[in-house]
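Asker: sharing a sequence plus its predicted fold:
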Amino acid sequence: MASQNEHILWADKLADYAAGRLSAADMHAMEEAAHADPFLMDALEGYVILAQHNKLSDIDKVLAALPAREKALASTKVIPLFGRRWVQWAAAASVVLLVGIGLFTQRNADEVPQIASAETQADPSTANINPSSIEAGDSITIGKEKSADVPQAIVRNADNLPRSSRPEKANTEDPAKATAPVTLMDEGRARAMQSAEALPILFNVNGKVVDEANSEPIDNAVIALGGKEVISDPIGRFTIGAAALPAELKVGAVGYRTKIITWQEGDNFLQVPLQKAPATTEEKIVAGLSSRKADPALVVIPNDTSTTAPLGGWPAFNTYFKQNMQAKGTSKIYKSVTLSFAIDAAGKPVDIEVGQSPGKEAEAEAIRLLQNGPRWRRGRGEAPMATITVKY
Amino acid sequence: MVTNSTRAFASLEDNELVALYKSAANQDALAVFYQRYAGLIMGTCVKYLKDAEKAADAAADIYTELVEKLLKYEVDQPKAWLYMLTKNHCLQKLRKEKTHRETEFSEEFMQSADDFNLDDIREKENLLNTMHDCIEQLRDEQQQTITLFYLEKKCYQEIAQATGLEWNQVRSHIQNGRRNLKNCMDNKHG
């Protein structure tokens, strides 16, 4: 019985697996189950093939059109099993969240202000969730006491954020950020992706982010709800938990206008069309070399032309290094630090190796900033490796 | 009336759903059973037919086939039976197309239904820690992927990244490695 429920549960997770929406531990558990179940293993292979051909989104339509669907649907909505299954997942999710709070209390302190400052219009959703605002307030206090070693830009924003949260001030104080709210959100994303919240997730919000003009999926879009953020997968899809309905989602992507959209009770799937933002001067200097002209003091140069890039874009990444890099090194030969690294499944830089270096101190500083900086978007169809050079 | 029965269906075992369909021709019971495995059927069809649209057609055909065949045959293990039905259906489609050679998938088609219920596979997995001899006899890639999967609990995707192999190669090495390990163990322990 238990085993039956287990494999039924995995059967529902095939698309999530293939789209990379499961954690490594969940994927491992699913693979282990598949070893004992050739049916599941075959299906898994099939779904991976679908994902490789970008056909995962089609499969939902197909499954919905299957003859048995309508009959079964009437029962799946009310069935006790469904409820049970759901409770299991919800329980698992809340355990993860609780652990998350312990680990990321300090990170929360960083991300809360950033999320707040990304909200160019005052966002009612932050004000009306009572339990979360209390918790968020607490973690800010803790974070502030500990925040001596976090990068300056972030600390400054944190100071701007009393409990009542005044996003307009944060924006006016930093003109670069005021002109590019989307980029700002992206900067916050690296930390926010780790976000954890105590509120139980009661509803799963599913959707797809697309370009308003041509309906092309947008990957790496940020979907924010409450204190949580997720990013869309390569075909634009996302799932985020909501504590209450209706839920207000904020959806942004590099190069697009941020949009606020509401998930109502009874919604099945949310299509989120985003409008292209007019190109800003920031976007024009993405290439790196031109931004070197703009500020010769320090610049981070991508050493390859691949599409691998920090989330939020190169200009924001440069700004981040510029504002935070303290040690500049003592070497007369090397005026730069070169770091090579891989990008793991979560977009974090790992296996960082130092190429040329002006000295241990600058080296350690650059590594620290890289590790604390934004996550990375992996170039398509390439080895997930990147090299950056921090020049002075 | 209908609502009450369908509500109860989802908590039923596969066997009970099939029995309901066979005894009372209850279409809702069959639909719930099918829907339970729709994802597995679809994925399996994609694996063998290598085409999303053909797989969708096949999945719909399989439902029709299920409607008839379930009434004709005694089915002890509905899930295993459905799996065989799905694979056979795909095999027939491929034969008709004649563009694929049967040998391509013969090995995995030969997997017997017995394998299906080897719950003791899981128990044997617990013995992996004591299987160093056998592990060391494996070919490099099998050894590497098996070690990463079982001892380091990495998922396929992580293993693929660590080794530079494709997801499907990882899957294949681990499955072959498992088979070789099992043989090795069986030989050692009689």
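Answerer: Good, I have the coordinates. Numbers count the residues shown, from 1 in each chain, chains lettered A, B, ... in the order given.

Asker: now the chain, which segments are flagged as low pLDDT?
Answerer: The chain I'm using is chain A. A:1-8, A:66-202, A:278-308, A:327-335, A:378-387, A:389-392 (pLDDT under 70).

Asker: let's do chain B instead
Answerer: Looking at chain B by pLDDT under 70, you get B:1-8, B:98-131, B:189-190.

Asker: give me the distance between the nearest residue to A:Glu353 once chain neighbours are set aside and chain B.
Answerer: Using CB to CB, 6 or more residues apart in numbering or on different chains and skipping the chain neighbours, the partner closest in space to A:Glu353 is A:Ser340 (4.8 Å). Bear in mind the C-beta positions are built from the backbone N, C-alpha and C, glycine included. Look at A:Ser340 and chain B: by CB to the nearest CB, to the nearest Å, they are 16 Å apart.

Asker: what is the burial count for A:Ser340?
Answerer: Counted with other CB atoms under 10 Å in any protein chain shown, the neighbours of A:Ser340 add up to 16.

Asker: pretty sure it contacts A:Gln356?
Answerer: No: judged on CB atoms under 8 Å, A:Ser340 makes no contact with A:Gln356 at a distance of 10.8 Å.

Asker: mind listing the shared neighbours of the two?
Answerer: Here A:Ser340 and A:Gln356 share no contacting residue, scored by CB atoms under 8 Å, 6 or more residues apart in numbering or on different chains.

Asker: tell me what the residue nearest to A:Glu353 is bridged to.
Answerer: A:Glu353, A:Thr387 (DSSP bridges).

Asker: now do the phi/psi pair for the residue lying closest to A:Phe317 once chain neighbours are set aside.
Answerer: In this structure, A:Phe317 finds its nearest non-sequential neighbour in A:Pro310, 4.3 Å apart by CB to CB, 6+ apart. Note on A:Pro310: its backbone torsions stand at phi -70, psi 140 [degrees, to the nearest 10].

Asker: contacts only, for A:Pro310.
Answerer: Contacts of A:Pro310 (CB under 8 Å, 6+ apart): A:Ala316, A:Phe317, A:Gly373, A:Pro374, A:Arg375, A:Trp376, A:Arg377.

Asker: just put those residues in a markdown table and tack on secondary structure and neighbour count.
Answerer: A markdown table is the format used below for the contacts of A:Pro310 (DSSP: H, G, I helix; E, B strand; the rest coil; neighbours: other CB atoms under 10 Å in any protein chain shown):
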| residue | secondary structure | neighbour count |
| --- | --- | --- |
| A:Ala316 | helix | 23 |
| A:Phe317 | helix | 27 |
| A:Gly373 | coil | 23 |
| A:Pro374 | coil | 24 |
| A:Arg375 | coil | 22 |
| A:Trp376 | strand | 25 |
| A:Arg377 | strand | 21 |
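
Asker: just give me the closest of those residues to chain B.
Answerer: For those, the residue nearest chain B by CB to the nearest CB is A:Trp376; the value is 13.6 Å.

Asker: so for the closest one, what's the nearest residue that isn't a sequence neighbour?
Answerer: A:Ile343 (4.6 Å).

Asker: what separates the one you found from B:Arg178, distance-wise?
Answerer: 30 Å (CB to CB, to the nearest Å).

Asker: can you list the domains in chain B?
Answerer: B:2-114, B:120-188 (automatic domain parsing).

Asker: for A:Gln323, which of the ones you listed is the nearest?
Answerer: domain B:120-188 (31.9 Å; CB to CB).

Asker: and the closest one, is it in reach of chain A?
Answerer: Yes: applying CB under 8 Å from any CB of the partner chain, one finds domain B:120-188 in contact with chain A at B:121-122, B:125, B:149, B:153-158, B:161, B:164, B:167-168, B:171, B:174-175, B:178.

Asker: to the chain's geometric centre, what's the distance from the helix or strand containing B:Ala29?
Answerer: Secondary structure from DSSP states H and E places B:Ala29 in helix B:27-49. Averaging C-alpha positions (CA atoms, centre = their mean, to the nearest Å) puts helix B:27-49 12 Å from its chain's average.

Asker: and after it, which helix or strand comes next?
Answerer: Where DSSP H and E defines the elements, the next helix or strand beyond helix B:27-49 is helix B:52-72.

Asker: and the angle for that next one with helix B:27-49?
Answerer: 130 degrees (axes from the mean of the first three to the mean of the last three CA atoms, to 10 degrees).

Asker: is any part of helix B:52-72 close to chain A?
Answerer: Yes: Helix B:52-72 reaches chain A (CB under 8 Å from any CB) through B:Ala52, B:Ala55, B:Ala56, B:Ala59, B:Ala60, B:Tyr63, B:Thr64.

Asker: buried subset of those residues?
Answerer: B:Ala52, B:Ala55, B:Ala56, B:Ala59, B:Ala60, B:Tyr63 (16 or more other CB atoms under 10 Å in any protein chain shown).

Asker: please, which helix or strand holds the nearest residue to the third one once chain neighbours are set aside?
Answerer: Right, B:Ala56. Of all residues not flanking B:Ala56 in the chain, A:Val62 sits nearest, at 4.1 Å (CB to CB, 6+ apart). Applying DSSP H and E as the criterion places A:Val62 in helix A:56-65.

Asker: residues touching that helix, excluding its own?
Answerer: Contacts for helix A:56-65 (CB under 8 Å, 6+ apart): A:15, A:18-19, A:47, A:50, A:69, A:208, A:217, A:235, A:237, B:38-39, B:42, B:52, B:55-56, B:59.

Asker: stretch A:260-273 too?
Answerer: Taking CB under 8 Å, 6+ apart as the rule, stretch A:260-273 contacts A:121, A:123, A:203, A:205-212, A:215, A:221, A:223, A:242, A:245-251, A:259.

Asker: got the end-to-end distance for that stretch?
Answerer: Start to finish, the residues bounding stretch A:260-273 are 11 Å apart (CA to CA, to the nearest Å).

Asker: kind regards, and thank you for your time.
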